[in-house]
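J.: Give the three-dimensional model of this entry:
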Amino acid sequence: MKKIEFMYGKGTLGYEFEDSELAAVLRSSIEEYHPEMTGRELVRHALENPIGSERLCELAKGKQKIVVIASDHTRPVPSKIIMPELLAEIRSKNPAADITILIATGCHRGTTKEELIAKFGTDIVENEKIVIHDCDDKPSIKNIGVLPSGGQCEINDLAVSADLLVAEGFIEPHFFAGYSGGRKSVLPGIASRETVMANHCSEFIASDCARTGILEGNPIHKDMVWAARTAGLKFIVNVVLNSEKEPIYAVAGDLEEAHKKGTDFLSGLCGAAAVRSDVAISTNGGYPLDQNIYQAVKGMTAAEATVKEGGVIIMLAASDDGTGGDYFYHQLADAADVKDAMKEILSRKRSETVPDQWEAQVLLRVLIKATVIYVSNLPDETIRNMHMIPAHSIEEALSEARKIVGKEKISITAIPDGISVVVKD
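T.: The predicted structure follows:
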């Protein structure tokens with residue numbers, strides 16, 4: 001017997017597996033990497049040794065309006081560590097700078113004050129100027145050109161009009177952008193809904209290069225880099241996190257050069273070979289990344305890469321914040337058949353992308369390959385409406401999986417943290 005703890009909400013779900021059924025446990029080796037510095041020291045060291053750029057304090061000299069893009073409540077970026085160091089670096093040579101922290105919500109709902117305090121701490125929330133990006137607020141958005149994909153590039157005007165644009169973030173495997181971090185702070189972070197939809201069109205999502213861990217040839221990544229450069233993003237501070245959401249590595253500097261150093265470091269730790277199995281059990285890394293079904297699609301793709309065709313994916317995601325949006329929900333719930341729904345999405349041109357289509361497209365792709373049993377705190381009806389099977393424990397999910405597979409003894413691949421690995425064939 002082997003007990004495995006799966007990340008779930010703010011805790012874990014444990015299960016003891018029979019040795020004869022457990023085909024593999026796919027983990028990154030991130031947990032084996034132990035830095036010699038604390039998280040704050042790592043960030044400070046990165047700021048003092050930027051890649052492809054002058055130090056931020058030098059860039060900030062003489063600048064009036066400085067905008068710092070920060071992630072929203074759906075990302076585990078340790079802003080309590082990063083932001084004080086970043087602000088101190090700016091003010092060390094420009095104490096009078098007019099600094100605005102711009103929350104990169106992308107197309108998510110607005111971050112609440114309580115969530116801001118949990119993210120930054122009371123001191124920053126009470127004493128710094130913070131603006132929440134709204135992708136649908138047309139007066140706050142400016143057109144800065146045409147993306148390589150042909151879509152209009154519309155970005156929050158606070159960022160575009162800044163004398164210096166900076167971003168914090170974190171780097172993890174991303175299921176269609178290759179990796180998070182770097183350029184993603186701008187697109188989708190502070191872009192208009194229309195710009196996000198152009199970038200996330202069905203054609204690009206369907207690309208074989210728009211996959212976890214791939215940047216080369218990735219059309220989504222290409223658009224994102226163009227948007228960030230054109231918007232004027234001059235400096236990034238990005239970290240790599242362990243399962244405890246603690247920084248183990250930090251990079252700072254040019255949005256491409258520093259980001260590449262971070263992704264190179266991460267790719268050396270997070271690769272895992274696929275082990276074909278009847279059942280794959282995955283997570284979305286626990287809170288805050290498993291707050292809704294929309295986000296949990298990412299963790300499903302790790303299981304998708306290793307489960308057998310026609311097999312079963314058991315997805316563990318607390319989803320206390322619901323489905324992740326009505327647009328996303330109804331593209332599944334209003335569809336009688338997942339294959340027909342996929343055909344409809346693939347028929348849309350780049351200019352015809354609808355909100356949250358990309359997430360629905362990836363979930364449909366997963367559902368076409370495998371049955372998904374979803375363990376969460378959501379009502380059963382909600383899960384069923386989205387063409388998945390509800391369950392409330394790993395035991396219940398495995399019992400249902402055996403029925404679906406049609407045999408008592410099954411092969412199982414376990415992925416305790418589905419967003420920390422790049423599963424490779």
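
J.: Domains in this protein, by residue range?
T.: Annotated domains of the chain cover 2-26+274-424, 39-269 [automatic domain parsing].

J.: Would you map the strands across the stretch 201-350 of the chain?
T.: Taking DSSP state E, counting those that start in this stretch as the test, the strands found in the stretch 201-350 of the chain are 233-241, 247-253, 271-273, 277-283, 307-316.

J.: of these, which approaches residue 160 most closely?
T.: For residue 160, the closest of these is strand 233-241, at 10.5 Å, according to Cβ to Cβ. C-beta: built from backbone N, CA, C; applies to glycine.

J.: Just give me the neighbour total for residue 314.
T.: 30 (other Cβ atoms under 10 Å).

J.: beta partners for it?
T.: When bridges are called by DSSP bridges, residue 314 pairs up with residue 281, residue 373.

J.: In terms of mean pLDDT, which of the strands of the stretch 201-350 of the chain ranks lowest?
T.: Of all these, the minimum mean pLDDT falls on strand 271-273 (a mean of 89).

J.: still on that earlier bit, packed most tightly, which of the strands of the stretch 201-350 of the chain would that be?
T.: Ranked by mean neighbour count, the strands of the stretch 201-350 of the chain are led by strand 277-283 with a mean of 29 (mean count of other Cβ atoms under 10 Å).

J.: Between the strands of the stretch 201-350 of the chain, which one is closest to residue 16.
T.: That would be, of those and by Cβ to Cβ, strand 277-283, which comes in at 13.0 Å.

J.: Only C-alpha atoms, please: export stretch 355-362 in PDB.
T.: The C-alpha trace of stretch 355-362 is given here as PDB (Å, rounded to 0.1, in the frame of the first residue of the first chain):
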ATOM      1  CA  PRO A 355     -15.700  34.700 -24.100                       C
ATOM      2  CA  ASP A 356     -14.000  31.800 -22.400                       C
ATOM      3  CA  GLN A 357     -14.200  29.700 -25.600                       C
ATOM      4  CA  TRP A 358     -10.500  28.600 -25.100                       C
ATOM      5  CA  GLU A 359     -11.200  27.000 -21.700                       C
ATOM      6  CA  ALA A 360     -14.300  25.300 -23.000                       C
ATOM      7  CA  GLN A 361     -12.300  24.100 -26.000                       C
ATOM      8  CA  VAL A 362      -9.600  22.500 -23.900                       C
END
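
J.: Residues contacting that stretch, please?
T.: 107, 175-176, 193, 197, 200-202, 205-206, 294, 297, 300-301, 324-325, 327-328, 331-332, 341-342, 345-346, 348 (Cβ atoms under 8 Å, 6 or more residues apart in numbering).

J.: the helices in the stretch 51-200 of the chain, which residues?
T.: 56-59, 79-91, 113-120, 122-127, 157-160, 193-199 (DSSP state H, counting those that start in this stretch).

J.: ranking those by burial, who's on top?
T.: Ranked by mean neighbours (mean count of other Cβ under 10 Å), the helices of the stretch 51-200 of the chain are led by helix 193-199, with a mean of 23.

J.: Output the contacting helices and strands for it.
T.: In terms of contacts (3 or more Cβ pairs under 8 Å, 6 or more residues apart in numbering; DSSP states H and E), helix 193-199 is packed against strand 152-156, helix 219-231.

J.: Can you list the low-confidence ranges for the stretch 101-250 of the chain?
T.: Of all residues in the stretch 101-250 of the chain, none has pLDDT under 70.

J.: could you dump the strands of the stretch 201-350 of the chain to TSV with distance to residue 122?
T.: Converted to TSV, those look like this (distance: least, Cβ to Cβ, whole Å):
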stretch	distance to residue 122
strand 233-241	22
strand 247-253	21
strand 271-273	40
strand 277-283	31
strand 307-316	33
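
J.: State the distance from the nearest residue to residue 230 once chain neighbours are set aside to residue 228.
T.: Once flanking residues are discounted, residue 230 sits nearest to residue 144: 5.2 Å by Cβ to Cβ, 6 or more residues apart in numbering. Residue 144 sits 11 Å away from residue 228, going by Cβ to Cβ, to the nearest Å.

J.: higher neighbour count, those two?
T.: For residue 144 and residue 228, the more surrounded residue by other Cβ under 10 Å is residue 228, and the numbers stand at 28 against 19.

J.: looking at it, the more buried one is touching residue 235, isn't it?
T.: No. Using Cβ atoms under 8 Å, residue 228 makes no contact with residue 235, being 11.2 Å away.

J.: what's the overlap in contacts for these two?
T.: residue 255.

J.: related to what we said a few turns ago, got the contact list for the residue nearest to residue 230?
T.: When contacts are taken as Cβ under 8 Å, 6+ apart, residue 144 is in contact with 153-155, 160, 227, 230-231.

J.: And those, which is closest to residue 314?
T.: Looking across the contacts of residue 144 and measuring by Cβ to Cβ, the closest to residue 314 is residue 227, at 36.6 Å.

J.: didn't that closest one look like it was pressed against residue 186?
T.: Yes. Contact criterion Cβ under 8 Å: residue 227 and residue 186 qualify, at 5.2 Å.

J.: who touches both of the two?
T.: Contacts common to residue 227 and residue 186, judged by Cβ under 8 Å, 6+ apart, are residue 155.

J.: re the thing from before, for the helices and strands packed on helix 193-199, give me a markdown table that also has distance to residue 87.
T.: What follows is these, written out as a markdown table (distance: least, Cβ to Cβ, whole Å):
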| stretch | distance to residue 87 |
| --- | --- |
| strand 152-156 | 20 |
| helix 219-231 | 21 |
